[in-house]
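[1] Predicted coordinates and the sequence they were generated for:
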Amino acid sequence: MENKEKQANARKWTVENVSQYLEAIELEVRQETCFCIRTALASQGLERHVWSYWKRTFAQEDDLIHRMYLIDGILEARIFQAGLLRQLPARMVINMLKMNYGWRE
């Protein structure tokens with residue numbers, strides 16, 4: 001069953017298809033009210049696990065992986081800035097940065 005699932009994903013997630021999704025996701029995260037990738041994915045009708053799947057599957061596709069890192073960077077910077085400007089509670093910002101972006105104390 002796992003092999004069939006992989007084949008279905010290979011047909012579903014092409015470079016072109018993912019590129020179109022990433023374009024829409026980038027537009028979403030550039031909105032000042034978007035603080036997490038889950039929100040942007042949900043607006044496209046996608047689940048959270050898709051993001052990590054794409055990162056693994058398209059790791060060798062420079063254009064796609066670059067765009068994904070750019071999107072992550074926009075969100076990381078927004079969360080950090082929201083903490084500095086006290087738009088989000090410091091504890092929440094710290095936890096978000098640790099859990100999602102590997103920050104450590």
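    Received it, and whenever you're ready, just let me know what you need.
[2] How about the most centrally placed residue in the chain: what's its closest non-neighbour residue?
    Nearest to the mean C-alpha position of the chain, by Cα atoms, centre = their mean, lies Ile37 at 4.2 Å. The shortest distance from Ile37 to any non-neighbouring residue, by Cβ to Cβ, 6 or more residues apart in numbering, is to Trp51 (5.6 Å). In short, each C-beta sits where N, CA and C put it, glycine included.
[3] Against Ile71, how distant is the one you found?
    Using Cβ to Cβ, to the nearest Å, one gets 9 Å for the distance from Trp51 to Ile71.
[4] and if you look at Leu84?
    Taken as Cβ to Cβ, the span from Leu84 to Ile71 is 21 Å.
[5] what does Arg48 give?
    Distance, Arg48 to Ile71, by Cβ to Cβ: 14 Å.
[6] ranges for the helices of this protein?
    With DSSP state H as the criterion, the chain has helices at 2-12, 15-29, 37-43, 49-57, 62-84, 90-101.
[7] Tell me which of these is the most buried.
    The highest mean neighbour count among the helices of the chain, using mean count of other Cβ atoms under 10 Å, belongs to helix 37-43: a mean of 17.
[8] which helices and strands does that helix pack with?
    Here helix 37-43 touches helix 15-29, helix 49-57, helix 62-84, going by 3 or more Cβ pairs under 8 Å, 6 or more residues apart in numbering; DSSP states H and E.
[9] show me where pLDDT drops low in the protein?
    Applying pLDDT under 70 to the chain flags the ranges 1-10.
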